[in-house]
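S.K.: Predicted model and sequence follow; I will ask about them next.
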Amino acid sequence: MPRPHGGSLTNNFIDLSRIDKDLFTLDVDTGLKMEIENISFGVFSPLKGFLNEEDFTSVVKRGRLSNDLPWTIPIVLDANEEVAKKVKDSSQVALRNDGQIFGVMQVEDLYKFDKTESAKSVFQTDDPSHPGFNKFVTMQDILIAGEVKTVSTTPNNKFLEDLRLTPAESRKKIEDRGWKSTVAFQTRNVPHVAHEMLQKAALNIYDGLFINPLIGKKKVGDFKDEVILNSYTVLIDNYYPKYRIIFSTLHTEMKYAGPREAIHHAIMRQNFGCSHIIIGRDHAGVGNYYSPFAAHDIFKDYPELEIEPIFFPAFYYCKKCQSYVNDRTCPHYLDYREELSGTKMRKMFSSGELPPSHLMRPEISKVILSYPRPFVE
């Protein structure tokens, strides 16, 4: 099992009774609450808090922390001028979500940043239509740096929380099962048959599979969280040897940062104890902002990562082979290919049509059709 990124897991917790009731209280939305919990639980190890100015600048420009450790996505807390003034003279602030205190932050620094230039570096575009770029440039003007600690998680949705493992818990499961190699599978979609074939191809070689769907805000048109989770539950129950699967949720938002986010995804799965991660075509991409295999190429810049990427070629269904294949295994002409299109799938479900069973398991299709509105709107 690889070491946690940076050498050790962050484990930052505080008892609710130890939080001073007189502290200035900072309200954060659910997306930011998840990021704070990811810091405390060790998902973002070695980070212990939000980036200071030196680390922020280094991450944006070089894809590394100021100590040269790989880190590609800025983890930051933004605030407006009014809130910043109130925080400035505080050594510590309470963190609140939905009226409930869930943690504290030790305030270390406040600084301004160039939103547009920073976003261009991270997302490799200045197109406001890019969802990640757009969110970044619409942040507040000031960033607050400092270490965070949380109480035990306070569920926003019990169904989602019941499937959530911390890195310490997932590492314990991997160790208890005696796996020497564990392959992570990152997803923000319901599983279709090509996903299943790819996952099982990995299981032919490695000891275990860590299926880790991303739970959090996604772009319009993506499947809703509960649709994804229920679909995978049905798939695992019917088509997988359960003793070789760990199914756990990752609570964070998609950034759609393409190659940079691929590295971020790998680092998180290394912290969960995975030795390998499947990196697909256009991993964490959106639209046509990144070349199809940019997320493969970027790993050459980070040879020191202790998790190894697995690069599978794009799979498609060949009507002549009557199976899922790729350019390495199928000699047939393009006329025989049936590509899996997310747009095509969404149109079928929107019209109440079941995809053919060679594209999606009927059990999965029925789960999706059981939701009158399965997509993010």
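M.R.: Nice, I can see it.

S.K.: use CA for all of it now, contacts and neighbours both
M.R.: OK.

S.K.: OK, contacts around Phe272?
M.R.: For Phe272, the contacting residues are Pro4, Val43, Thr166, Pro167, Ala168, Ser170, Arg171, by CA atoms under 8 Å, 6 or more residues apart in numbering.

S.K.: ok, which stretches of the stretch 201-350 of the chain are strands?
M.R.: 208-215, 245-247, 250-251, 276-279, 308-311, 316-318, 323-325, 337-338 (DSSP state E, counting those that start in this stretch).

S.K.: Now the fourth one - C-alpha only, PDB.
M.R.: This file holds the C-alpha atoms of strand 276-279, laid out as PDB (Å, rounded to 0.1, in the frame of the first residue of the first chain):
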ATOM      1  CA  HIS A 276      -3.300   2.400  -9.000                       C
ATOM      2  CA  ILE A 277      -5.900   4.600 -10.600                       C
ATOM      3  CA  ILE A 278      -7.700   4.200 -13.900                       C
ATOM      4  CA  ILE A 279      -7.300   7.400 -16.000                       C
END
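
S.K.: Quick check: neighbours of that strand in the sheet, parallel or antiparallel?
M.R.: If you go by DSSP bridges, strand 276-279 pairs up with strand 182-187 (parallel), strand 308-311 (parallel).

S.K.: swap in the last one?
M.R.: Strand 337-338 has the following strand partners under DSSP bridges: strand 316-318 (antiparallel).

S.K.: Is the residue nearest to Glu108 when sequence neighbours are not counted bridged to anything, and to what?
M.R.: Nearest non-adjacent residue to Glu108, counting by CA to CA, 6 or more residues apart in numbering: Gly146, 4.8 Å away. Beta-bridge partners recorded for Gly146 (DSSP bridges): Phe50, Val107.

S.K.: ok, Gly146 - contacts?
M.R.: Gly49, Phe50, Leu51, Asn52, Met105, Gln106, Val107, Glu108, Asp109.

S.K.: change it to 7 Å
M.R.: Gly146 makes contacts with Gly49, Phe50, Met105, Gln106, Val107, Glu108, Asp109, as judged by CA atoms under 7 Å, 6 or more residues apart in numbering.

S.K.: now, among those residues, which is nearest to Asp207?
M.R.: Minimum distance to Asp207 across the contacts of Gly146 is 33.8 Å, recorded for Gly49 (CA to CA).

S.K.: give me the low-pLDDT residue ranges for the stretch 101-250 of the chain?
M.R.: Low-confidence segments of the stretch 101-250 of the chain (pLDDT under 70): 153-161.

S.K.: ranges for the helices of it?
M.R.: Using DSSP state H, counting those that start in this stretch, the helices of the stretch 101-250 of the chain run over residues 115-123, 131-137, 158-162, 167-177, 193-203, 225-239.

S.K.: related to what we said a few turns ago, could you dump the contacts of Phe272 into TSV and include neighbour count and distance to Gln100?
M.R.: Below are the contacts of Phe272 laid out as TSV (neighbours: other CA atoms under 10 Å; distance: CA to CA, whole Å):
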residue	neighbour count	distance to Gln100
Pro4	27	31
Val43	29	23
Thr166	19	22
Pro167	26	25
Ala168	18	25
Ser170	21	28
Arg171	20	30
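
S.K.: how does this structure divide into domains?
M.R.: Following automatic domain parsing, the chain resolves into domains at 16-150, 161-369.

S.K.: if we can go back for a sec, using a markdown table, lay out the strands paired with strand 276-279 together with distance to Val325.
M.R.: Formatted as a markdown table, those follow (distance: least, CA to CA, whole Å):
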| stretch | distance to Val325 |
| --- | --- |
| strand 182-187 | 19 |
| strand 308-311 | 15 |
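
S.K.: any idea which of those strands is most buried?
M.R.: Between the strands paired with strand 276-279, strand 182-187 has the highest mean count of neighbours, a mean of 25, where neighbours are mean count of other CA atoms under 10 Å.

S.K.: Contacts for it, please.
M.R.: Counting by CA under 7 Å, 6+ apart, 206-214, 269, 274-278 sit against strand 182-187.

S.K.: Could you identify which of those residues has the most neighbours?
M.R.: Using other CA atoms under 10 Å as the neighbour test, the contacts of strand 182-187 are led by Cys274, with 32 neighbours.

S.K.: Which residue is the nearest non-sequential neighbour of that one?
M.R.: Thr182 (4.9 Å).

S.K.: Tell me the bridge partners for that neighbour.
M.R.: Gly208.

S.K.: Could I get the helices of the stretch 101-250 of the chain in CSV, plus columns for distance to Gly31?
M.R.: Shown next, in CSV, are those (distance: least, CA to CA, whole Å):
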stretch, distance to Gly31
helix 115-123, 19
helix 131-137, 12
helix 158-162, 14
helix 167-177, 19
helix 193-203, 27
helix 225-239, 14
